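In: Need the 3D shape of this:
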Amino acid sequence: MTKRVTLSDVAKKAGVSRAAASAVLSGKIGKSIRVSEEKRAEILSIAKLLGYVPNTAAQYLKSGDNNHIIAVFTYENAFPFDPNSEYYPFFAGIQAEAEMEGYDILILNNWAKDKARSSRILLASGAIMIGVTRDDEHITSLVRQKFPLVFVGRRHISSGIPVRYVTFSYEPSVQRIVDLVDGCSAGPIVYITSTLSNAEPSEDKALFLHNYCKERNIPIEDVIISDSITSEAREKVLASRSVIFDRLFIADLFAPVFKENNLIIGEDVFGAILEDDWTGGHEIWTRWENRRRELGALAVEYLASLHEGTGLDDSFIDIPVIESTSTKIR
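Out: Numbers count the residues shown, from 1 in each chain. Predicted structure coming up:
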């Protein structure tokens, strides 16, 4: 069976984002997405060359069903339409892609585990799940009803319960960051995680980091904290001065420690953060690009592909590393 050419195929060939390709091919270039006339012509030419056909079948999330609704669902305490929420960029990507494809969005928050709210998800023909907080019993019930779900970020419910997701391609970026940090210091790398961040993405990052350090014979020491710095963590970081933080908020906890000891990032202390700077203000640290909007958009494409029966060849988004002061030896 010949594989259907997707919007992602066109975007990759043209060297543009999916959002840009979608805007050109749907004739919806506006203030939020700007594409030069030359690039627009190139995208149209590539689409024609590849034989791209708009996914009109998937615009109806069930065959023969005109229920043209995607639910965006979360169990988090506050729904991520607050621009200051770490989940907001995902939602913005979902919303933009859904609008371009002509889908309506049903927004549902179930942090109180209201069973009546839970049932409302079935008003849609499929759902995109955002957030790390979840109700596994509820999700298992939906999967067993064959209700289409796509998580933003890898999730594992239990064996025998297939959970579909889109996620970042962490491994190559984690390896690049390890190389940069290792090249700045002769001491062991101190890897700091938190009990407040123990979801699957953190598990994946830790696995890739440890596997790579073992492969390259790079010494690494693990430190686990909660919402405050332990004396062990403080002593190890000050002794090594080579550190990788799992999340932004963990790096923020150590900022006063560096200041109190008159340590300058990139001169006395070297390190990186295994996250994008979604809050802003972490430019000094090596980290990766914020591609959250793109991941949200990919979730929409994946959900649509489930109903068309094609699936996606690639449900990952690359996250290029941004090298900054913290790993540049002056």
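In: Isn't residue 285 up against residue 273?
Out: Yes - in this structure, residue 285 is within contact of residue 273 by Cβ atoms under 8 Å, at 4.9 Å. For every residue, glycine as well, the C-beta is placed using N, CA and C.
In: just the helices in the stretch 51-200 of the chain please.
Out: 88-101, 115-120, 136-144, 170-182, 200-215 (DSSP state H, counting those that start in this stretch).
In: intersection of neighbour lists for residue 285 and residue 273?
Out: Taking Cβ atoms under 8 Å, 6 or more residues apart in numbering as the criterion, residue 285 and residue 273 both touch residue 251.
In: between those two, which one's more packed in?
Out: residue 273 (24 against 21; other Cβ atoms under 10 Å).
In: Specify the beta-bridge partners of the more buried one.
Out: Beta-bridge pairing for residue 273 (DSSP bridges): residue 245.
In: Now do it against residue 73, distance only.
Out: Distance of residue 273 to residue 73, given as Cβ to Cβ, to the nearest Å: 29 Å.
In: got the buried residues for stretch 134-154?
Out: 134, 138-139, 142-143, 147-154 (16 or more other Cβ atoms under 10 Å).
In: repeat for stretch 209-221
Out: Within stretch 209-221, the residues that count as buried by 16+ other Cβ under 10 Å are 209-210, 212-213, 218, 220-221.
In: which two in the residues you listed are spaced the farthest apart?
Out: 212 and 221 (15.3 Å; Cβ to Cβ).
In: all strands for the stretch 1-150 of the chain, in order.
Out: 69-74, 104-109, 127-130, 149-152 (DSSP state E, counting those that start in this stretch).
In: so which of those gets nearest residue 292?
Out: strand 149-152 (8.5 Å).
In: List of residues touching the closest one?
Out: So strand 149-152 is contacted by 90, 94, 126-130, 139, 142-143, 163-167, 295-296, 299, 302-303, 306 (Cβ under 8 Å, 6+ apart).
In: domains for this protein, by residue range?
Out: 7-50, 57-168+291-317, 170-289+321-327 (automatic domain parsing).
In: Adding mean pLDDT, write the ones you listed out as TSV.
Out: Below are the domains of the chain laid out as TSV (pLDDT from 0 to 100):
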stretch	mean pLDDT
domain 7-50	81
domain 57-168+291-317	81
domain 170-289+321-327	94
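In: contacting residues around residue 194?
Out: 224-227, 246-247, 249-250.
In: Put together CSV for these, with secondary structure on each row.
Out: Putting those into CSV (DSSP: H, G, I helix; E, B strand; the rest coil) gives the following:
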residue, secondary structure
224, strand
225, strand
226, coil
227, coil
246, coil
247, coil
249, helix
250, helix
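In: filter those to the buried ones?
Out: Buried, going by 16+ other Cβ under 10 Å: 225, 246-247, 249-250, out of these.
In: thought residue 88 was touching residue 82?
Out: Yes - Residue 88 is within contact range of residue 82, at 6.2 Å (criterion: Cβ under 8 Å).
In: Looking at these two, which is more packed in?
Out: residue 88 (19 against 11).
In: hang on, residue 223 is in a helix, isn't it?
Out: No - Residue 223: not assigned to a helix; according to three-state DSSP it is strand.
In: burial measure for it, as a count.
Out: The number of residues packed near residue 223 is 19, by other Cβ under 10 Å.
In: Next, the contact list for it, please.
Out: So residue 223 contacts 190-193, 230, 232-233, 236-237 (Cβ under 8 Å, 6+ apart).
In: And these, which two are furthest apart?
Out: Going by Cβ to Cβ, the pair spanning the contacts of residue 223 furthest: 191 and 230, at 14.3 Å.
In: So for the two, which sits in the more crowded spot?
Out: residue 191 (24 against 13).
In: Pretty sure the more buried one sits against residue 209.
Out: Yes - if you go by Cβ under 8 Å, residue 191 and residue 209 touch, sitting 6.4 Å apart.
In: of all the helices of the stretch 51-200 of the chain, which lies closest to residue 277?
Out: Of the helices of the stretch 51-200 of the chain, the one closest to residue 277 (Cβ to Cβ) turns out to be helix 88-101, at 11.5 Å.
In: What are the buried residues along that closest one?
Out: So helix 88-101, judged by 16+ other Cβ under 10 Å, has buried residues 88-98, 100-101.
In: angle of that helix against strand 69-74?
Out: Helix 88-101 runs at 180 degrees relative to strand 69-74, counting by axes from the mean of the first three to the mean of the last three Cα atoms, to 10 degrees.
In: any idea how far helix 88-101 is from the chain center?
Out: For helix 88-101, the separation from the chain centroid amounts to 14 Å (computed by Cα atoms, centre = their mean, to the nearest Å).
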